[in-house]
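[1] any chance you can model this:
(2 chains)
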Amino acid sequence: MIMKIIILLIFGWLFGCEQKHGDQDFGNWAEISGRNEENTLKRDLIYRVKVPKNWVQNKPPADVSLFDTTKALDEFYIPENKQTIRITIHNFPSNRIDDRISPESQITRWKKQFHQLDKNESYATPQAFNGYCGYLFKGVGIIDQQPTMILGWSMQILTEHYNILSSPSPKNKQMRADFTIKAVGPQDMMHKYYLEIVKFAHSFELIDDIPSRR
Amino acid sequence: MKTLFKIYHFLGSIQFALTLIGTVAIFSIAGTIIESKTESHLYASAFTFGHPLFAFILWCFFINILISALRRWPFKIRHIPFLITHFGLLMILAGVLIKNYYGIQGVMGILEGGTSNQIFEENTQVIQVESRSGLSEQFEFKRNILSSSPSSFLSKEGLKIELVDYSPNSEEILETWIKNNKAYILGFPPFQVYEWNNEKDNIPISGKVHLNPDDHQIWEIYAFKTSNPEKLIQNIQPKDFPALAIVKDSKDRIYLATYCAKENPHVIENNELDSIIIYDKGFAGYAVQAKIPNGKSSEQLILEHLTAELRKGLNNKNDLAPPLSAIADACTKCNLEMASSCVEFLSFWDKSKGWLYPTNFPLPSNLEKMFASLDFHYFSKDIQNACYWNSVLFADLEPALAEGKNIMEILNQKKWPLLQELKSEKSTNDLLTLLTRQIFAAGSLLPQEYDSNTLSPSQKARWLSVLLRAYQIHLATLIPPNFEIPKETITIESPLSAKRIAKIALKKIEENLPRITLKFTEGKDSQLISLTYNRFGKGLKWPILNGKYMVVFQPKFISLPYKIRLRQARQVNYPNSSQPYSYESDLIITELKTNFHEEKTISMNNVHETWDGYRFYLANMVDEEGTAKRIQLVVNHDPGKYWLTYLGAFTLSLGIVLLFWMKPYAKKI
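    A predicted model of the protein is given here:
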């Protein structure tokens, strides 16, 4: 009897420790290509992001050039009743680190999209994830007479990673590019899907590994 | 035989066991005392747990336990608990010995977004050699208080490495711009460096070079060592401009002072090595760069800016003001560039300080050529009249203006008919402009007392200046008061090298940075180089033998069968507080052999262990760029942990329980 108790205690000690799992069971991975070079339509798969199941993806056709950085790499929609939240992803490749547009400039541009911006509710906070750092902009106000919220991430790859990816190959150029993720929608709907959008943005990462510098 | 028997029994005896236990106790006490005195764990372990004698003691324990069990032969049932206990002990000891020889313990540093499958073993020392062919080899170097490694190695590609000198502690100082008594700018021969201590010392020139390949300016170069760099920089009076002074102070700080015309020198300190140029992946060495003004004076920069703006406006000649059109035509006739010629004339005119261009102010030859080609018949008679009479009137007015006399009084004395209109103008410039325009308005009424066919170039220049005044085209009007002078820079580089100075060894071994001097030989080529230990393996690799190889002295790096990708690291605070509650990292751990990957969040007390016993501990987290983080993972692998150490502990426990609970023993108790 005592032996049984001892054995039970031993097993309890060995297997009783709880393993903490991260909250990483969210959506399915979608792969996103970068931009093509000016003289070709070939696009490499550069990014991946976890997309919730109820979201609708609107990928640009393969025969459309995305060389122009005003064109989105990919779009997602969250439809609900007659309202929609639109999420767009852009990247901004550069040849030199000094040529990059600052995240603050992107945020200034987003602010100007509001016809009336509620400065008390709008802010920008520093962000860092998956090898990028920048800002999250939350803008609340009126666009086209509708109460609208923008959640925008303007992120730059860390300098060390930029230098590691500094070779002039088209793929490396896309990998070291800055990116923005912008979600726009009615305020009440944006509040409802706020956490989902944040998790989506935080899951955005490069497909390929960036080796550590040695 | 008897002796052997005695030895056999002694080896398995309790006396031997007690001797060993006593010895271990002495080692432990010694280790504790040494560590408390030196504050160095490494120092203590070199004399105790890290000493080869300690491994010998472990083997002695193994033999003692084994023989003490074998002495019970032939075994009976009542021996079972005893044997199980001893077997458990042997398994534990075997686990320890296997871990010592085959275990891995190292550190992996990863930046958010980065991936690594390499760990470095702290307190190990290797010379890593990388060749251009991509081959990378590590030669382990052991040299501590009690042992040392071979003094020479041979690489697979035939490179011989010999240890020439060793210093237990050193300091590495990266040098740029000024090394010893020479100043270095990439692309130029070294410049002589002079000492400067006070104002009585001379300030000789170290050289003259074309620093900027895009223009023809010759730069004077000054290079000095001084304890008073600010004073020296103020005292340098270049004979010609532009000039560059490279100054090193007593604390090895570098100052780069650029002198453009007679303006104040532009000084930058170039001490932050946050940006290093790497040539040919390091095989061709390293350099630092600095951006300095391009040697042009503010005036030159302004004129170049104006010229560029004017060139943009030349795309549509129909939009040009008539005086500018006339200049454009004249330039076309004599094959001169319009924008630069026009701006040059405006500059000369501004320097003359005259309201109109003075005819006695000499024109440079190209402008003289331009004005010779300028045809005033391009303009109507009325305009030519106005130009002539403006020229005559201001020939009287300009001397008075230069003396500071009141222009309105002079005009009143001359009984100027349109004086009333001029009274409304507040500034002299506006007044004179209006006066000029008044004459233009009356152009048709004025007599013609000139022959425009016989005008000299300087007279034409004066007449053109009248027209330019009427259109308010003058340097002062084109450059507003708050005009921001464009900044143009050039980039200069200096090779980066390192100076390694031996220092007294510190008692705390961990804080020492050893220095080794190595001789590399390949065929007939050889090179001596000193290297300072690079504690985290993140430093520069130094080229040798004309860039055929690169070498570095650093910890031993081991490749793991797993790669770790860090997604995000974060500090979790207590609610409504900035006190850290936990540190967490989101990782992707990929087994390289099978490509199987799993996503895992680890935290300070929550380790991740793979199926084959690799354990990853989150040891440290530091801030990097912005709010990004860099983490340190301690990676541990004990090959015999489960099947020897843990199983041995279980076996030992079982044996102990049986010892107390089995009937044959219970009775005796």
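
[2] where's B:M370 relative to B:S341, distance?
    5 Å (C-beta to C-beta, to the nearest Å). (C-beta placed from N, C-alpha, C; glycine too.)

[3] can you tell me the strand partners of the helix or strand hosting B:E137 and which way each runs?
    Secondary structure from DSSP states H and E places B:E137 in strand B:136-140. With DSSP bridges as the test, strand B:136-140 is paired with strand B:114-131 (antiparallel).

[4] for the strand or helix carrying B:A569, buried residues please.
    Element membership for B:A569, per DSSP H and E: strand B:549-573. Neighbour-count burial for strand B:549-573, counted by 16 or more other C-beta atoms under 10 Å in any protein chain shown, picks out B:549-558, B:560, B:562-570.

[5] then stretch B:344-353?
    Neighbour counts over stretch B:344-353 (16+ other C-beta under 10 Å) mark B:344-350, B:352 as buried.

[6] among those residues, which are in helices?
    Assigned to helices by DSSP state H, the following of these qualify: B:344-350, B:352.

[7] biggest separation within those residues, which pair?
    Largest separation among those by C-beta to C-beta: B:E344 and B:S352, giving 13.0 Å.

[8] returning to what we had before: near chain A, list only the ones from the buried residues of stretch B:344-353.
    Subset of the buried residues of stretch B:344-353 in contact with chain A: empty, counting by C-beta under 8 Å from any C-beta of the partner chain.

[9] residues contacting residue 125?
    You didn't say which chain, so I picked chain A. A:135-136, A:138 (C-beta atoms under 8 Å, 6 or more residues apart in numbering or on different chains).

[10] hmm, I had chain B in mind actually
    Going by C-beta under 8 Å, 6+ apart, the list of residues near B:Q125 reads B:140-143, B:514, B:533, B:553-556.

[11] what would the residues you listed look like in TSV with pLDDT?
    Output for these, formatted as TSV (pLDDT from 0 to 100):
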residue	pLDDT
B:E140	89
B:F141	77
B:K142	71
B:R143	62
B:P514	93
B:Y533	94
B:F553	95
B:Q554	94
B:P555	94
B:K556	93
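
[12] among the residues you listed, which one lies nearest to A:Y193?
    The closest of the contacts of B:Q125, once distances to A:Y193 are taken by C-beta to C-beta, is B:P555, at 48.2 Å.

[13] now do the contacts for the closest one.
    Per C-beta under 8 Å, 6+ apart, neighbours of B:P555: B:120-126, B:534-537.

[14] can you check B:Q571 too?
    B:580, B:582-583, B:621.

[15] let's see it at 7 Å
    For B:Q571, the contacting residues are B:580, B:583, B:621, by C-beta atoms under 7 Å, 6 or more residues apart in numbering or on different chains.

[16] what's downstream of the helix or strand that contains the second one, the next helix or strand?
    If I follow you right, that is B:Y583. Assigning secondary structure by DSSP H and E places B:Y583 in strand B:580-591. On the C-terminal side of strand B:580-591, the nearest following helix or strand under DSSP H and E is strand B:597-603.

[17] buried residues in that following strand?
    Under the neighbour-count rule (16+ other C-beta under 10 Å), strand B:597-603 has B:600-603 buried.

[18] can you name the residue of the stretch 351-500 of chain B nearest chain A?
    B:T491 (11.5 Å; C-beta to the nearest C-beta).

[19] these two touch, right, that residue and B:K291?
    Yes. The pair B:T491 / B:K291 is scored as a contact, 5.4 Å apart, by C-beta atoms under 7 Å.

[20] which residues touch the closest residue to chain B within chain A?
    The nearest approach of chain A to chain B comes at A:G131, 1.4 Å away (C-beta to the nearest C-beta). By C-beta under 7 Å, 6+ apart, A:G131 lies in contact with A:157-158, A:161, A:210, B:112-114.

[21] B:K563 now?
    Taking C-beta under 7 Å, 6+ apart as the test, what B:K563 contacts is A:209, B:115-117, B:590, B:592.

[22] contacts for the lowest-mean-pLDDT helix or strand in chain A, please.
    Lowest by mean pLDDT, DSSP states H and E among the helices and strands of chain A is helix A:2-15, with a mean of 75. In this structure, residues lying in contact with helix A:2-15 by C-beta under 7 Å, 6+ apart are B:V657.

[23] off-centre distance for it?
    48 Å (C-alpha atoms, centre = their mean, to the nearest Å).

[24] adjacent strands (with direction) for the helix or strand B:S530 falls within?
    Using DSSP H and E, B:S530 sits in strand B:525-532. Applying DSSP bridges, strand B:525-532 is found paired with strand B:515-522 (antiparallel).

[25] now do the buried residues in the partner strand.
    B:515-518, B:520-522.

[26] just the angle between that strand and strand B:549-573, please?
    Interaxial angle, strand B:515-522 versus strand B:549-573 (axes from the mean of the first three to the mean of the last three C-alpha atoms, to 10 degrees): 140 degrees.

[27] how far does strand B:515-522 sit from its chain's centre?
    27 Å.

[28] all helices for chain A, in order.
    Secondary structure of chain A, counting by DSSP H: helices at A:2-15, A:103-112, A:159-164, A:170-175, A:187-192, A:194-202.

[29] neighbours of B:I504, how many?
    Per other C-beta atoms under 10 Å in any protein chain shown, the neighbour tally for B:I504 reads 8.

[30] so what does B:A326 look like in phi/psi?
    With angles defined as degrees, to the nearest 10, B:A326 sits at phi -60, psi -40.
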